[in-house]
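Engineer: Just a sequence and a predicted model for now, questions to come.
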Amino acid sequence: MASSQLIEQYRQWQTFQRQDQLSREHFGVVQRLEDARATSKQVVEAYRSMAEKASKEGACYRTLFLRKRDDQHALPCEGWLFVRRVLSEGNSTRVRVTLVETFTLEDGTLAPGDKPARKLTLEIFEQVQVDKGMRTSVRVDCLDAPEDYHFITLLDAVRGDLRPYLK
C-alpha cells in the first residue's frame, strides 16, 4: 500500500473517530439538560449573557448541533457561535448568531476561515415529549437552515479570537 494512501485512510479514520466522539457528547449533553429539566427561560437568559459577552469581549461559544443529511440521517457538527442579539416577542424567542463551523463529517476538522461564517437565526422553544409522560424540554433550532437543528451551546467553552472570521 502506498504511503499517501495509508495516510489518507488514517485521516479518514480520525474523522470518523471525531464524529463518534461528537455523537456521544451531543447525546450526553441532551440527556443532562433533560435530567436537569432546563427551561426555555433559563436558556434564553444564558443566550442573553452570551450576547452581552460577545458585544463586550468578542466571546464565541462552542456549539454542537445536528445536521440532517440527504439520506435523512442526522449527525452532530461542531462550531463556534457569536451571539449577536436575542429577540423576544410574546412566546417566541429568536437569537441572531454567526456560526463558524469547525467540524462536519464531509469536511472533517476545519480551521476558522476554511468555510465562510454563516449568519443564522435560532429559535428557542419548549418541546413536549409524549414518550416521557408529557414532559417538556427546551430546544434550539435554526430557522434559516432547517437541516441544522438541536443546537447546544456550551457556556464553559469560550474563545475571543474569532472576530476576524465573523464577516
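Structural biologist: Perfect, I can see it now.
Engineer: right, and the helix or strand after the host helix or strand of residue 84?
Structural biologist: Here residue 84, judged by DSSP states H and E, is contained in strand 74-89. Taking DSSP H and E as the definition, the helix or strand that follows strand 74-89 towards the C-terminus is strand 92-104.
Engineer: got any ranges where the chain has weak pLDDT?
Structural biologist: Flagging of the chain using pLDDT under 70 yields the residue ranges 1, 129-134.
Engineer: Output the longest helix belonging to it.
Structural biologist: Ranked by number of residues, the top helix in the chain under DSSP state H is helix 3-36.
Engineer: what packs against that helix?
Structural biologist: Helices and strands touching helix 3-36, by 3 or more Cβ pairs under 8 Å, 6 or more residues apart in numbering; DSSP states H and E, are strand 60-68, strand 74-89, strand 92-104, strand 108-109, strand 135-142, strand 148-159. Backbone N, C-alpha and C define where each C-beta goes, glycine included.
Engineer: Give me the distance between stretch 98-108 and the centre of its chain.
Structural biologist: 10 Å (Cα atoms, centre = their mean, to the nearest Å).
Engineer: likewise stretch 96-109?
Structural biologist: Stretch 96-109 has its C-alpha centroid displaced from the chain centroid by 9 Å (Cα atoms, centre = their mean).
Engineer: Go through that stretch and flag the buried ones.
Structural biologist: Burial within stretch 96-109, assessed by neighbour count using 16 or more other Cβ atoms under 10 Å, is assigned to 97, 98, 99, 100, 101, 102, 103, 104, 105.
Engineer: which residues touch that stretch?
Structural biologist: Contacts with stretch 96-109, where a contact means Cβ atoms under 8 Å, 6 or more residues apart in numbering, come from 11, 14-16, 18-19, 22, 60, 63, 67, 75, 77-87, 110-112, 114-115, 117-122, 162, 165-166.
Engineer: residues contacting residue 80?
Structural biologist: Contacts of residue 80 were listed using Cβ under 8 Å, 6+ apart, and they are 60, 61, 62, 63, 99, 100, 102, 112, 159, 162.
Engineer: 7 Å instead?
Structural biologist: Going by Cβ atoms under 7 Å, 6 or more residues apart in numbering, residue 80 touches 60, 61, 62, 63, 100, 102, 159, 162.
Engineer: ok, the residues you listed vs residue 52, which is closest?
Structural biologist: Of all these, residue 61 has the smallest distance to residue 52: 12.2 Å, by Cβ to Cβ.
Engineer: doesn't residue 156 make contact with the closest one?
Structural biologist: No. Between residue 61 and residue 156 there is no contact under Cβ atoms under 7 Å: 8.9 Å.
Engineer: Which of these two has more residues huddled nearby?
Structural biologist: The residue with the greater number of neighbours, taking residue 61 and residue 156 and applying other Cβ atoms under 10 Å, is residue 61; the counts read 23 against 6.
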